[in-house]
Structure formats: C-alpha cells, structure tokens
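Q: Compute the structure for the input listed below.
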Amino acid sequence: MQNLSIELPPVNHGDYNYSSSPKSPYNGGATISSAASCVSIGDKTSATSATLSKPNKQSGIFGASSNLINSIVGAGIIGIPYAINEAGLVAGIMLLVLVAFLTDKSLKIIVGLASFHPKLRNKDVRTFEDLAAFPFGTAGANFILLNIVSCLASLPWLLGHITEPMISCVILIPVPYLTFSLLPNRAYGAMLAYLLIIKDTIPSILGVQDRLSKTLIMIVTSFTIMLPLSMQRDMASLSITSLFSVLADIILVGFITAYSPIKETIADAGGFTRVLEEDAVNPTIFIGLGILSTAMACQHSAFIVSGSLENRTMKRWATVTGFSIGVSAVLCLLLGVAGYLGFLDETQGNVLNNFDQDNDMAKIARFLLAITMFFTYPMECFVARHVMVQLVHAGDLDATDDPSHSGEDGEEAGGFGPLNRRQSWTLGIYLMTLLPALVVDDLGPVLSFTGSLGGGCIAYMGPGLVYLGVNGDAFLSFVAGLLKQPESGGAVTASDLPLAGDANKFMTSEPAELDSIPKPVWWYLLGFPVWTKIAYVGRTNMMKKVDDANSAYETAAYDENTMVPNGREFFIAIFFICFGVLSAIAGVASNMYVQLNRDDY
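A: Numbering: from 1, shown residues only. Below you'll find the predicted structure:
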C-alpha cells in the first residue's frame, strides 16, 4: 500500500482541483496494481477487471474525437431545426448551448471519476454502470443499464402511429417492451431513428414512393452496410468510417445553410423581428429540449470511446471532449438555425423532407445523410451489445467461459451456429431495431421521447448522482463546513482528503454530527436533506465495495491526473440532478400532451 501525499496545497487545473506531484501513473509514474472489483447487476456478477473484455485496438486523440463526434451528431443533427421549432428560436439556441456545456461537463465527470478519482482510479472501472454501482449498488447499475421507463412513455406514441394494425398486434406490442427492457433507451432510440432516416432518404433519392419498396430498400441497405460494420469488435476499428461520417455532416450543414429559403420565408412571415416576437419561446420548449438532449447525448458511449484512447490522461480526455462537443455544437447550431428559419412552423422532424424531392442538390444532401446514418448506427449498436453482454455474460464478449474456448488471447467463441457470441448478439440487436422500423414512419416524436427520458436520466441525473455518491465523505464534510462556518467558502481542503497511509479514513466529522447541527431555512429550501441522503448512501456503499473486495483503496500520490472534489463541482452536480429531473418529467408530460392534442405529427 502506498502512502498518500497531501502535503502540497491544491492548485486549479482546468475544471478540477489537483495537488502538485511529479508522478503520474499514466506518464511514467509508479506502477499501480489493481484488485478486481465485483459489481452485482441483477442476478449476474460483473467482475470489471477479470471478465470484461478489453479492446484489442486503440486510437489517438483524432480517432477518438472522430468517433465521439459521430456518436453525438448522428440522427439528432437532422432534427435540430425541429427542436428549435418546438422550443422557439431564442430558447432553442440557449438550450443548445446549455446542453453542449452540460454534455462536456458530464463526460469529464463520469470518466474522471472512473479513471482518475483517488478511490477508483485503480479499480479498473470501465463502464458507466459499474461506476454507478460503486456508490449505489445494483440499483445504480440497473438505472444506467435499463432505464425501462421510456418504454411506458413511447408505447402510446408507437401504437398511435402505425399503419398496419394487424402487424402492430404481432410486432409492436411485444417489441417495445422487450427491447426497452433490455437495451439502453438512448442507444435503442438512436438505432431506430437511423433506420427510419434510411427508410426516408434512400428511396427518395431513387424516386421510390410505395411503402413496400421503401421497406425493402431499408432492409437490404442496412443488412449489407450497417450490420457488417456493427460486427466489428473494437470501436477503434470505426475511426475511419466515423471520419467520413463527420465530413458528410459538415457538407450537409453547408447544404442546409446555403439552400434553405431563409430570405423568402422570413419575408413572408413579416420580417425577422416578427419571427422573434412570435417564436422566441414556445410552450412546447421541453419537447425541443428532449430532441436537443438526444442530439448531444453521448454518455452511453463515453466509456467505450475513452477506453479506445491511447495513453488516456485527464488532459487528453478533456481535449477529446472539448473538441468533439465544440465541433458538434457548431454543426448543430448552424444546421438548426438555418433549417428552422428556412421553413419556420412547417419544419419537419427530418428537415430534408422540407426540400423538393426532385431537386438534385437535395438528393445529394440525402445521400450525405445516408452515409452518416450508415456509419453512425454501428456505434450505437456497440453500446447496446455491450449492455446485453454485460447483463447476460458479465461483460465476457469473447466467451472465455464457453467450453469451446481454448483460452488463447484473441480467440472468440460462444454464439449460435457459425456465429460467435459477438456476432450473435450483434445480429439479434439488429433484428430488434429492424422490426419496429418496418411499420413506424415518423422521426420527430421518437427523438423527443427517447431524449426526454434518456437525456434526463443518463445525461444529467446519472453524472450528478454518481458524483455526489462517490464523493460522499467529502460532500458531507463540505456541508458541515457550510453549517458551522458559512464564511469559509466552498473549497474542499486537505482535511477533506484521505489521511496519509489510509485512504479509507477522512479527516472529517462523522455523519451523525450533521444531525446535531442547527439547520437554517436555506438548508431545506435548497434540498440539502436530499443531497446529504444521497451522499450517505454513496459513502456507505463505497465502504461496502471495499470490504466486499477484501482490500483497501489503492492509490498513488496525488498528481495532475487526480480528480479531487471541490465545492463548485458539488453545486454543479446538484444542478445536473435537478435539471435532469425537470427535463425528464416536463419532457414526457409535454410529449404526452402534444400527442393527445395535436395532429400535425
């Protein structure tokens, strides 16, 4: 066990506080041994360092950034004009900037906690669900993995927008319950949206209008392009296709910006001032927020992308997230504003449907969109496959537990017939997304429903809850200081850090002392009883995980790759939770109200 060093005062470095030290486990510092940490998920036990299959191939900053940008923009970018139409022009732009900031922050939080937090950085935490399981146990892991509430929100819409009643009885009723109960709703909703876009775009390019032909084209193209790419084992293998996808998105944004009839539409509406007066903020703002959340959400793939990054450090990961979120936000803003101003209230969920289908430039734009969908679908499939393998096989993608596996590195076994485990799950997930896409046609409500819940729970609530839970001890010390010495400020000092020589002991008040401290009115108004309860639960479970693993936390000296909490980060985490709850509840309620009272979908 290495002693902890907290002799030097913390210094600011980016978004987090660090203590100065020349050694780094990622830059030639001390070699750190890791004990396997076990996380219970349902009836399965996931050994994060023992059975979870590691990537065989990694990429640099540019490759990881290409994958992350591709994961972000995806189908969501084509729905940004629709989101601004629902939220209002001013509100939509402000929400897009806010969502981009929160997305960047959440990516730093969840990967930082798993890889660079002094309590967890040697525990080989390589998935979001395993991270959530440390402070919140099985409930935390299942919250991240399942999020099945979205099934209840989307089922009424699905049943209300079918065109073949007999097929819906056989397919649509069981499929949503099955898929949303097994797959993360963000990944599932995205894959379904990608198939729907292919169903819209490729037939329109070819001049095909009848439903049967459109469906057959979707099946053939997805089976011959999307499925083979999804069969890849490591996300680093997709870096080239992701680069082509991003380039296609950039050209697509240029097309929308150049060819949207902005001047004519604004003139017909009475001028830009009139547009601002009537559409600055709309009552359906939370529907727009749901779509924006879907467009920017990438927390579900953050660990897969960060795991593919060579020589991962906090600085390199911050470079990837900052560049990726920045590029994605600019692309979404340009396309969203131009697309909305070109069509205003007539903006459709897929803005390309607003353009004349016989226009040659519009056909080129649809072809570019199809390229993006072909190359983005596999990334979401990677996430869904990871969840299924984690749930059913404790993360063992290579089927090392199968009797037919020889034990050699790089060998894969299991599966059905000639397919191994990876290929079998990939094919199964593809079929589960294909079946609903056969009878569902519209895109906007799909993005809105999945974004309202997936964005609210995974993108906002999850990171905030995990941050408070993992840093439960430090947060309790922080709030005790607020109660005893409100003039001292919000910084977490060295006394909040682990004692040298024992990472389990903190120089802090026992939690019971909070009960004896008089509480001012602001304590209740700001919800601190809830936040301290979350911290208590997180602190307790973190200690249990140490005891269950029969080992103490193993930490190296604090350095530039150590994520240390501070007061500002605690308040940001609380904001994440509040914003997530608000966006999820209001988004679902707004969607339900609109679906019941409006017929323009």
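Q: Name the residues of stretch 132-143 that are buried.
A: A132, A133, F134, P135, F136, G137, G140, A141, N142, F143 (16 or more other C-beta atoms under 10 Å). All C-beta atoms are positioned from the backbone trio N, CA, C, and that covers glycine.
Q: can I get the residues you listed in TSV with distance to S293, secondary structure and pLDDT?
A: Formatted as TSV, the buried residues of stretch 132-143 follow (distance: C-beta to C-beta, whole Å; DSSP: H, G, I helix; E, B strand; the rest coil; pLDDT from 0 to 100):
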residue	distance to S293	secondary structure	pLDDT
A132	19	helix	90
A133	24	helix	90
F134	25	helix	92
P135	24	helix	93
F136	22	helix	92
G137	27	helix	89
G140	21	helix	86
A141	22	helix	81
N142	21	helix	78
F143	17	helix	80
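Q: pLDDT below threshold where in this protein?
A: Applying pLDDT under 70 to the chain flags residues 1-57, 74-75, 145-187, 189, 440-455, 485-513, 546-559, 595, 598-601.
Q: got the contact list for the residue nearest the centre of it?
A: In the chain, the residue lying closest to the centroid (C-alpha atoms, centre = their mean) is Q299, at 2.3 Å. Shown in contact with Q299 (C-beta atoms under 8 Å, 6 or more residues apart in numbering): T103, S106, L107, I110, F128, I458, A459, G462, P463.
Q: farthest pair in those residues?
A: T103 and F128 (14.0 Å; C-beta to C-beta).
Q: Please, which helix or strand holds L431?
A: helix 421-437 (DSSP states H and E).
Q: Would you mark the buried spots in that helix?
A: So for helix 421-437, counting by 16+ other C-beta under 10 Å, buried means 421-427, 429-430, 432-437.
Q: sec struct for V208, please.
A: coil (DSSP: H, G, I helix; E, B strand; the rest coil).
Q: need the contact list for it.
A: By C-beta under 8 Å, 6+ apart, the neighbours of V208 are K214, I217.
Q: what's the spacing between it and Q357?
A: 10 Å (C-beta to C-beta, to the nearest Å).
Q: Ok, T540 next?
A: Distance from T540 to Q357, by C-beta to C-beta: 60 Å.
Q: again, but for R385
A: Counting by C-beta to C-beta, the gap from R385 to Q357 is 35 Å.
Q: Show me which of the two is the more surrounded one.
A: Set R385 next to Q357 and count neighbours by other C-beta atoms under 10 Å: R385 wins out with 26 against 14.
Q: Verify the stated contact: the more buried one with Q423.
A: No. R385 is not in contact with Q423 according to C-beta atoms under 8 Å; the separation is 10.0 Å.
Q: State the number of residues packed around D210.
A: So D210, with other C-beta under 10 Å, has 9 neighbours.
Q: And for R316?
A: R316 has 17 nearby residues by other C-beta under 10 Å.
Q: Helix, strand, or coil at it?
A: helix.
Q: what about the helix or strand harbouring L212, distance to the chain center?
A: Following DSSP H and E, one finds L212 within helix 211-221. A distance of 30 Å separates the centroid of the chain from that of helix 211-221, by C-alpha atoms, centre = their mean, to the nearest Å.
Q: again with stretch 69-80
A: On C-alpha atoms, centre = their mean, the centre of stretch 69-80 falls 12 Å from that of its chain.
Q: now stretch 290-297
A: That offset, for stretch 290-297, works out to 9 Å (C-alpha atoms, centre = their mean).
Q: Could you do stretch 90-102 as well?
A: Centre to centre, stretch against its chain (C-alpha atoms, centre = their mean), the figure for stretch 90-102 is 17 Å.
Q: The chain should start at 472 in everything you say after this.
A: Taking 472 as the first residue, the last one we looked at is stretch 561-573.
Q: can you list the residues that contact that stretch?
A: By C-beta under 8 Å, 6+ apart, stretch 561-573 touches 551, 554-558, 747, 751-753, 756, 759-760, 763-764, 766-767, 796-797, 799-800, 803-804, 807-808, 811, 926, 930-931, 1047, 1050.
Q: returning to that earlier point: tell me which of the buried residues of stretch 603-614 is nearest to L939?
A: Closest to L939, out of all of these and judged by C-beta to C-beta, is P606, at 7.9 Å.
Q: circling back to that earlier point, quick one, which of the contacts of stretch 561-573 are buried?
A: 551, 554-558, 753, 756, 759-760, 763-764, 766-767, 796, 799-800, 803-804, 807-808, 811, 926, 930-931, 1047, 1050.
Q: Please flag which of the residues you listed sit within helices.
A: 551, 554-558, 756, 759-760, 763-764, 766-767, 796, 799-800, 803-804, 807-808, 811, 1047, 1050 (DSSP state H).
Q: picking that back up, quick one: which of the buried residues of stretch 603-614 is nearest to Y1007?
A: Using C-beta to C-beta, these come closest to Y1007 at P606, 10.4 Å.
Q: ok, and the closest non-adjacent residue to the closest one?
A: Computed as C-beta to C-beta, 6 or more residues apart in numbering, the closest residue to P606 that is not its neighbour in sequence is G940, at 2.7 Å.
Q: What of R704?
A: R893 (6.0 Å).
Q: likewise S799?
A: Nearest one to S799, counting by C-beta to C-beta, 6+ apart, is I543 at 4.2 Å.
Q: Return the distance of the closest residue to F1046 other than its chain neighbours relative to I1045.
A: In this structure, F1046 finds its nearest non-sequential neighbour in G935, 7.3 Å apart by C-beta to C-beta, 6+ apart. As for G935, its distance to I1045 is 7 Å (criterion: C-beta to C-beta).
Q: Between these two, point out the one with more neighbours.
A: G935 (26 against 20).
Q: Would you mind measuring from that one to C1049?
A: For G935 relative to C1049 (C-beta to C-beta), the value is 8 Å.
Q: How about N824?
A: 36 Å.
Q: Then L683?
A: In terms of C-beta to C-beta, L683 sits 48 Å off from C1049.
Q: How about G1009?
A: In terms of C-beta to C-beta, G1009 sits 17 Å off from C1049.
Q: okay, the two: which has more neighbours?
A: G1009 (26 against 15).
Q: Not counting sequence-adjacent ones, nearest residue to the more buried one?
A: G940 (2.7 Å).
Q: again, but for G885
A: Per C-beta to C-beta, 6+ apart, closest to G885 is A870, 3.0 Å.
Q: give me every residue that touches the one you found.
A: If you count contacts by C-beta under 8 Å, 6+ apart, then A870 has H864, H876, E883, A884, G885, G886, N891, R892 around it.
Q: Redo those as a markdown table? Include distance to A740 and secondary structure.
A: Formatted as a markdown table, these follow (distance: C-beta to C-beta, whole Å; DSSP: H, G, I helix; E, B strand; the rest coil):
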| residue | distance to A740 | secondary structure |
| --- | --- | --- |
| H864 | 56 | helix |
| H876 | 65 | coil |
| E883 | 58 | coil |
| A884 | 62 | coil |
| G885 | 59 | coil |
| G886 | 57 | coil |
| N891 | 57 | coil |
| R892 | 56 | helix |
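Q: and which of these is nearest N593?
A: The closest of these, once distances to N593 are taken by C-beta to C-beta, is H864, at 24.9 Å.
Q: so that closest one sits right up against R892, yeah?
A: Yes. Look at H864 against R892 with C-beta under 8 Å: they come within range, at 6.9 Å.
Q: joint contacts of those two?
A: Contact criterion C-beta under 8 Å, 6+ apart; residues shared by H864 and R892: A870, G885.
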